[in-house]
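Student: dropping a prediction and its sequence here:
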Amino acid sequence: MNRPTPLSTLALKHAIPHPLAIEQWAEVRPLIDGRDVLEEIHPGGVSSCSRREWAGPADEWPLAALEEPREIELSNNDCCTGCCGGVFVTVQRQGDRVVWSSWRNTNDIRVPVPADVHFDAAQYDAELARAVADTRWEEPVDTVARLVTREFADSGWFERWDCVVDRVELRREVPEGVEVYFSRRREAPLDGPDFTFDLPVTRHDPAGEQARRFIDLITADDPRKTAEPL
């Protein structure tokens, strides 16, 4: 008689990147039964699940488990995985379980990858939601970037000037700051955004107040008049 695969527990932790890392949004790292599996099979790599990608609907979160299986990039070398390799896993919801299977390590094929991992679906979903709601780890620049992103997400505010927020970046290297990039049309041009606001962030003033000042500055007038061209 085949016994069901034992259940593991998922936990997500946030990690602040190095000030010179390519991706400046915080990493979201998976822990399986308390173990940082990425550190075990990809030492020195960074999580591909950055905090910037957890702002939308739950079924669009990087680790969301759907009935249709999908391969997810879990880690990279702070570079393109097509160039330097990384770790991948297939995630699928199977009834009351979430299964991680078909692991691939293109960073170093000599390193053994985990066997299939089964999670209780309710615990899995709850942990994703908990991690999204958790802001205790944030530094001021993270809070400002999150609040600015939330304010402008699908707001339609800038359509009157035929432009749209392309993306929000943050900078950890001193002087810290948040950069809001705009494109002149909703379909971002192939050569990237057209102009930007570079907003300094301090560790002294309340982050919420700084975010509000930045939002008011950007929305005060036609952003094409006050932003810096790229």
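Tutor: Good, I have the coordinates.
Student: outside of the helix-or-strand element of the chain with minimal mean pLDDT itself, list whatever touches it.
Tutor: Of all helical and strand segments in the chain, the minimum by mean pLDDT, DSSP states H and E falls on helix 81-84, at a mean of 83. With Cβ atoms under 8 Å, 6 or more residues apart in numbering as the contact definition, helix 81-84 has outside contacts at S48, E73, N76, N77, T106, N107. (Each C-beta comes from the backbone N, C-alpha and C, glycine too.)
Student: buried set for that helix?
Tutor: By neighbour count on 16 or more other Cβ atoms under 10 Å, the buried set for helix 81-84 is T81.
Student: what comes up buried for the helix or strand that it is followed by?
Tutor: Sequence-wise, the next helix or strand downstream of helix 81-84 (DSSP states H and E) is strand 86-94. Buried positions in strand 86-94, judged by neighbour count with 16+ other Cβ under 10 Å: G86, V87, F88, V89, V91, Q92, R93.
Student: same question, stretch 64-83
Tutor: Buried residues in stretch 64-83 (16+ other Cβ under 10 Å): A64, A65, I72, E73, L74, S75, N76, N77, T81.
Student: from one end of it to the other, what's the distance?
Tutor: This stretch, stretch 64-83, spans 26 Å end to end (Cα to Cα, to the nearest Å).
Student: for V201, see how far away P140 is.
Tutor: 6 Å (Cβ to Cβ, to the nearest Å).
Student: identify the contacts common to those two.
Tutor: By Cβ under 8 Å, 6+ apart, P140 and V201 have these common neighbours: E176, A207, Q210.
Student: check contacts around the last one.
Tutor: By Cβ under 8 Å, 6+ apart, the residues touching Q210 are P140, V144, V201, T202.
Student: wait, a strand at the second one?
Tutor: Meaning V144. No. Counting by DSSP: H, G, I helix; E, B strand; the rest coil, one finds V144 to be helix, located in no strand.
Student: can you tell me the closest non-neighbouring residue to it?
Tutor: Ranked by Cβ to Cβ, 6 or more residues apart in numbering and with sequence neighbours excluded, the top spatial neighbour of V144 is A211, at 4.6 Å.
Student: the least confident helix or strand of the chain: how far from the chain's middle?
Tutor: From the chain centre to the centre of helix 81-84 is a distance of 19 Å (Cα atoms, centre = their mean, to the nearest Å).
Student: kindly report the same for stretch 160-174.
Tutor: Using Cα atoms, centre = their mean, the offset of stretch 160-174 from its chain centre is 15 Å.
Student: parallel or antiparallel, list what pairs with the helix or strand harbouring L170.
Tutor: In this structure, L170 sits in strand 164-171 according to DSSP H and E. Strands adjacent to strand 164-171 in the sheet, as given by DSSP bridges, are strand 177-183 (antiparallel).
Student: for the record, mean pLDDT for the partner strand?
Tutor: Across strand 177-183, pLDDT averages out at 96.
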